[in-house]
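Asker: The sequence and its predicted three-dimensional model are supplied below.
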Amino acid sequence: MTTETGPIQLLTIAFGPDATFEGRIAEELDELTATGQVLVLDLLVVQKQAGGDLVSVGYQAEGMGDTVSALLGLGPGSLRGAEAAFPSLAPGRAFGLSADDVRQLADALEPGTTAGFLLLEHRWARKLRRAVREQGGVPVAEGFLTEEALAPIAAELLATAGRFDDEAEEKAAEGGEPGGTRKGRS
């Protein structure tokens, strides 16, 4: 049994009443899981009813949604087990989203809105996480930046990504390893 995990992320995605669900998200998650980049730990899809209640929607595999439900305060169970496994969830020690933050996300949904709460382990980052810890590093902030937050520097980001893509293609054509990782730095 593994005791080391990659970073755990709760991704919450809201969909308006007119959203169409065609399976593309599930296909992408399947591909990411198949390549070992992420592990889907839990998934809960809920809809906010006119009276304010959250109800589970869509197909849920047995046991799927239990962990997120506990974080939302929707079902039986407690956070004690999660706090033991992930001390950052304990009161006063929150890093990232706290249980209260997760509940507020659910409460803030408008009636008729559907939201998916996806709990992921970023397996690709296991070794990076270990290296950071071994070098004495401590995470102080994390998060994904939205397109709106990145808009002022979008051109620079695209140019940088393009340079890395070009370098990876050149190395692949020369028979080298694709990537863009720089050795010798910590």
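Answerer: Thanks, I have the structure now.
Asker: Helices of the chain, start to end?
Answerer: Using DSSP state H, the helices assigned to the chain run over residues 24-34, 66-72, 80-85, 99-107, 126-134, 147-150, 154-173.
Asker: P7 is nearest to which of these?
Answerer: Of all these, helix 126-134 sits nearest to P7, with 6.3 Å by CB to CB. Heads up, the C-betas are built off the backbone N, CA and C, glycines and all.
Asker: Please export the C-alpha coordinates of the closest one as PDB.
Answerer: Written as PDB, here are the backbone C-alpha positions of helix 126-134 (Å, rounded to 0.1, in the frame of the first residue of the first chain):
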ATOM      1  CA  ARG A 126       4.600  12.700  -6.700                       C
ATOM      2  CA  LYS A 127       8.300  12.800  -7.300                       C
ATOM      3  CA  LEU A 128       8.300  16.600  -7.500                       C
ATOM      4  CA  ARG A 129       6.400  16.800  -4.200                       C
ATOM      5  CA  ARG A 130       9.000  14.500  -2.600                       C
ATOM      6  CA  ALA A 131      11.900  16.500  -4.000                       C
ATOM      7  CA  VAL A 132      10.400  19.700  -2.700                       C
ATOM      8  CA  ARG A 133      10.000  18.200   0.800                       C
ATOM      9  CA  GLU A 134      13.500  16.700   0.800                       C
END
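Asker: one step back: return the member of the helices of the chain having the minimum mean pLDDT.
Answerer: Here the lowest mean pLDDT among the helices of the chain goes to helix 80-85, at a mean of 40.
Asker: deepest of the helices of the chain, which one?
Answerer: Burial of the helices of the chain is given as mean neighbour count (mean count of other CB atoms under 10 Å); helix 66-72 ranks first at a mean of 21.
Asker: What's the mean pLDDT across stretch 37-46?
Answerer: Here stretch 37-46 scores 86 as its mean pLDDT.
Asker: Pull the residues that contact that stretch.
Answerer: Stretch 37-46 is contacted from outside by 8, 29, 32-33, 54-58, 60, 64-69, 72, 74, 106, 109, 114-124, using CB atoms under 8 Å, 6 or more residues apart in numbering.
Asker: can you give me the offset of it from its chain's centre?
Answerer: Relative to its chain's centre, stretch 37-46 lies at 8 Å (CA atoms, centre = their mean, to the nearest Å).
Asker: Now it: buried residues?
Answerer: Of the residues in stretch 37-46, those with enough neighbours to count as buried (16 or more other CB atoms under 10 Å) are 38, 41-46.
Asker: farthest pair in those?
Answerer: V38 and V46 (21.3 Å).
Asker: ok, back up a step: select only the buried ones of the contacts of stretch 37-46 in PyMOL?
Answerer: Buried members of the contacts of stretch 37-46, defined by 16+ other CB under 10 Å, are picked up in PyMOL with:
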select buried, resi 8+32+54+64+65+66+67+68+69+72+74+106+109+114+115+116+117+118+119+120+121+122+123
